[in-house]
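Asks: any chance you can model this:
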Amino acid sequence: MKILERTLNEIKELDQAKIREAKQRLDTLTKPQGSLGKLEKIAAKLAGITGDVFAPVDCKAHVVMAGDHGVVEEGVSAFSQEVTVAMIHNFLNQGAAINVLAQQVGAEVIVVDVGVAQEVGVEGLVVKKIKAGTDNFTQKAAMTEAEAIASIEVGIEVVEGLVDRGVNLIGTGEMGIGNTTSSSAIIAACTGLSVDDVVGYGSGIDDKGLARKQEVIKQGLKLNQPDSNNGIDILAKVGGLEIGAMAGMMLAAAAKRVPVIVDGVISGAAALIAQKLEPKVVGYLIPSHKSVEPAHIKTYETLGLEPMLDLDMRLGEGTGAVLAMNLVEAASRIIKEMATFEEIGL
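Replies: Presented below is the predicted three-dimensional model:
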């Protein structure tokens, strides 16, 4: 708990003076004012996050937090938990979509076992396992409060290590069969939206599976009664260990004044948990893409964020976050490298 408390206390408001300075420079560049749209907004936000108008984002890292979910016992996923292990091997063998996209943008991929049900035992995996998957939240809380805090602190520790190595742009990703079920439960608990409005098809279930998934989430929320104002309680009651770890990543990035990119609906659920713990964290979040999962756009609306991309994606792994790294770097380079009207003699 001490790690979490320290981190929350270190999160400050964005540097408004640097945001104004960045906007002033953007308005002097050789283009109509505001004509680069969201890229200009990102450039100004980077200045506010880092305190540097010319903030570099050239050392990129993407973290895939892996954890399993006891609620898969209820038939909410098209895949079994063995897929979690298989995909971890795939990540570390550079064979997954996230690896291809990360290589394109020059981002290091780090895979962390925070709660995989099985022992993976593969070289290159960062093992910070809290427990072998969450409990089935239709029968009891997904985890204890202490386990929820521990998951958040895993994310904090991972990001602190990356920042110490010079990383200045971080992506959030995940792997865990059943995690859209937990994410939807978190989003319903955080926002007050109905379960039917936030639950999607996840990994590819059919209409019968969707109805089952909705019923399971309703059952879990009714049994556990998470406190909508308490992020740790929500995470413990219906969340996932990898979701807690991503929330910790976001909090630590904010404390270290490093931009962190939100991915899809699962990363979005983590952002809601982080926001419950410290609302100022939202200023440090860069939204990437809009998932086809119905809960995702509602999550962005709750956070007050607007995604950059809409590519009909729903893979997870942080694929949208890594794709957005190109745009974040483009924003960083525009404000630094474009000429001003004065410089060209106008």
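
Asks: and the residue of the chain most remote from its centre, helix, strand or coil?
Replies: Here the chain reaches farthest from its C-alpha mean at Gly345, the gap being 44.2 Å by CA atoms, centre = their mean. Secondary structure assignment for Gly345 (DSSP: H, G, I helix; E, B strand; the rest coil): coil.

Asks: with Gly171 instead?
Replies: Quick answer, by three-state DSSP: Gly171 is strand.

Asks: that one contacts Glu317, doesn't it?
Replies: No. Here Gly171 does not reach Glu317: they are 9.9 Å apart, not a contact under CB atoms under 8 Å. Glycine gets a C-beta too; all of them are placed from N, C-alpha and C.

Asks: list of residues touching the helix or strand where Thr7 lies?
Replies: Assigned by DSSP states H and E, Thr7 belongs to helix 2-10. Applying CB atoms under 8 Å, 6 or more residues apart in numbering, the contact partners of helix 2-10 are 149, 152-153, 156-157, 248, 251-252, 255-256, 277-278.

Asks: and the furthest pair within those residues?
Replies: Set against one another by CB to CB, the contacts of helix 2-10 have their most distant pair in Ile149 and Lys256, with a gap of 19.5 Å.

Asks: can you give me the strands in the stretch 201-346 of the chain?
Replies: Assigned by DSSP state E, counting those that start in this stretch, the strands in the stretch 201-346 of the chain fall at 260-262, 285-287.

Asks: strands paired with the first one, and their directions?
Replies: Paired with strand 260-262 in the same sheet, following DSSP bridges, are strand 169-175 (parallel), strand 285-287 (parallel).

Asks: average pLDDT for the last one, rounded please.
Replies: Averaging pLDDT along strand 285-287 gives 98.

Asks: domains of this protein?
Replies: For the chain, automatic domain parsing gives the domain ranges 2-55+333-337, 60-328.

Asks: mind pulling up the pLDDT for the nearest residue to Phe91 once chain neighbours are set aside?
Replies: If the residues on either side of it in the chain are set aside, Phe91 comes closest to Val111, at 4.9 Å by CB to CB, 6 or more residues apart in numbering. pLDDT for Val111: 98.

Asks: what about Val111, which SS state?
Replies: Strictly by three-state DSSP, Val111 counts as strand.

Asks: all helices of the stretch 151-300 of the chain, in order?
Replies: With DSSP state H, counting those that start in this stretch as the criterion, the stretch 151-300 of the chain has helices at 179-191, 195-198, 207-224, 231-238, 241-255, 265-277, 294-303.

Asks: ranking those helices by burial, who's on top?
Replies: Mean neighbour count (mean count of other CB atoms under 10 Å) peaks for helix 241-255 among the helices of the stretch 151-300 of the chain, with a mean of 32.

Asks: roughly how far out does it sit from the chain middle?
Replies: Distance, stretch centre to chain centre, for helix 241-255: 8 Å (CA atoms, centre = their mean, to the nearest Å).

Asks: then stretch 125-133?
Replies: 18 Å.

Asks: in that stretch, what's buried?
Replies: Buried positions in stretch 125-133, judged by neighbour count with 16 or more other CB atoms under 10 Å: 125-126, 128-131, 133.

Asks: Throw those residues into CSV and include secondary structure and pLDDT, thanks.
Replies: As requested, the buried residues of stretch 125-133 are exported to CSV (DSSP: H, G, I helix; E, B strand; the rest coil; pLDDT from 0 to 100):
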residue, secondary structure, pLDDT
Leu125, coil, 98
Val126, strand, 98
Lys128, coil, 98
Lys129, coil, 98
Ile130, coil, 98
Lys131, coil, 97
Gly133, coil, 97
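
Asks: what sits against the residue lying closest to Ala254 once chain neighbours are set aside?
Replies: Take Ala254 and drop its neighbours on the chain: the residue closest to it by CB to CB, 6+ apart is Tyr284, 3.9 Å away. Contacts for Tyr284 (CB under 8 Å, 6+ apart) come out as 11, 14, 49, 250, 253-254, 257-260.
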